[in-house]
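J.: kindly generate the corresponding structure for this input.
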Amino acid sequence: MKKVFAFLLLLPGASFFGHAQTSTAKTTIVINNSSDIDRVGEVLSINWASIIVKYPGIDTANFKVLDAITQREIPFQLEHKGEVAIQNLLVQVNVKAKGNAKLLIVPGKPAAMVKKTYGRYVPERYDDFAWENDKVANRMYGKALETRKDNAFGIDIWVKKTNKLVINDWYKKGDYHTDHGDGMDYYSVGLTLGAGDIAPYVKDSVYYSKNYHNWKLLDNGPLRTSFQLYYDEWDVAGKSVKVVKTIALDAGSHFNRIQADYSYSGGSELPVVIGIVKRAEPGAILMDEQQGVLGYWEPEHGADGTTGVAVIIPDGKVKMNTDKNHMLTHTSVKSDEPIVYYNGSAWSKGNEITNAKAWFKVLDTFSQKLKQPLTVKVQ
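T.: A predicted model of the protein is given here:
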């Protein structure tokens, strides 16, 4: 009887422990997925002010986010967007198709977060700005490169087959054009838009700006890295134009969110293109004007493998075509009205997306996610 009695005592004890964290919860977050797509490792923004309303005394250095069912800690980040005050709580979640998830905010010291995104200004390499997550890496070219013969304009891709952050190691070694087991830089940009940059387009001509001249880091992980690049004014068919590009990359994603804010005098619309550099050899191309999806599975680059590239405009219904250098998505902007789009990449040797069919499926899925975002209710 003693053994049975001891066993029975454990049951209410276990039940009490299971509800202990719930009873101390200061805020409950309910996330709903109305789509037919499982959302795996998606980074979700939750307005910080809505949390303060429910938990006014929250200590930003002493709280945890828990899965209400498993009681496991959920990775999170306090997003500032370059401001002193917190703007959003970022969480990385899994939510089944047509399902929901419930998170709890409780007092307590959170576990150390694994840093999954990172970016920085690289003065030691001609003013590059480089950024990455656990899937992809990119860079943009700065002022110091403009006077060199190897100057380049557009977005560059560094292919990866590791979830580790590699930017600092690769720059330090200076040998990132060779794959030492974690990836490499073999993507060629040159004087093009590269892997999804944006530029004015007038009378069949791309009007390139100079490279970015100033930068500002907004947030730097662990779940989202975001920054701004500032471009000096330049002439576009007689019109003086300036642009600021705000780029954000989330953990677990193959896609950057890019916001371009153009400013110029006059109220007319400015035609622009978002382009992907086209290779001489044949590759697989997807042009879906209705969905705003432009995809490219490049020709194989010898032993280096194949790179997939994409541009997605969430609103869709754009025009697309090819010229001698690019595959182009055509749209227009208005002064001081931002345009938002996404660019992305994948690598055949990255052990995840290995062919054009798989890449184009990823693009379709991502496009559908943009149309049906996760919804949040803070209780």
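
J.: excluding its backbone neighbours, what's nearest Met140?
T.: Once flanking residues are discounted, Met140 sits nearest to Phe129: 4.9 Å by CB to CB, 6 or more residues apart in numbering. C-betas here are computed from N, CA, C, even on glycine.

J.: how deep is the one you found tucked in, by neighbour count?
T.: Residues near Phe129, counting by other CB atoms under 10 Å, number 22.

J.: same question for the one 3 residues further on.
T.: The burial metric for Glu132, expressed as a neighbour count using other CB under 10 Å, is 25.

J.: repeat for the one 10 residues further on
T.: Gly142 has 22 neighbours, counted by other CB under 10 Å.

J.: please apply the same query to the one 10 residues further on.
T.: Around Ala152 there are 19 other residues, counting by other CB under 10 Å.

J.: pull the contacting residues for it.
T.: Residues near Ala152 by CB atoms under 8 Å, 6 or more residues apart in numbering: Tyr141, Leu145, Val189, Gly190, Leu191, Thr192, Gly194.

J.: the fifth one in helix, strand or coil?
T.: Meaning Leu191. In three-state terms, and counting by DSSP: H, G, I helix; E, B strand; the rest coil, Leu191 is coil.

J.: one step back: which stretch of helix or strand covers the residue nearest to Met140?
T.: strand 128-132 (DSSP states H and E).

J.: that strand packs against which elements?
T.: Strand 128-132 sits against strand 118-122, strand 137-140, strand 156-160, helix 167-173, strand 224-236, strand 239-250, with contacts defined as 3 or more CB pairs under 8 Å, 6 or more residues apart in numbering; DSSP states H and E.

J.: the helices in the stretch 1-150 of the chain, which residues?
T.: Assigned by DSSP state H, counting those that start in this stretch, the stretch 1-150 of the chain shows helices spanning 2-23, 48-54.

J.: ranking the ones you listed by mean pLDDT, which is last?
T.: Sorting the helices of the stretch 1-150 of the chain by mean pLDDT places helix 2-23 lowest, at a mean of 39.

J.: Asp204: neighbour count?
T.: For Asp204, the count of nearby residues is 6 (other CB under 10 Å).

J.: let me know the pLDDT of Ile105.
T.: For Ile105, the predicted pLDDT is 98.
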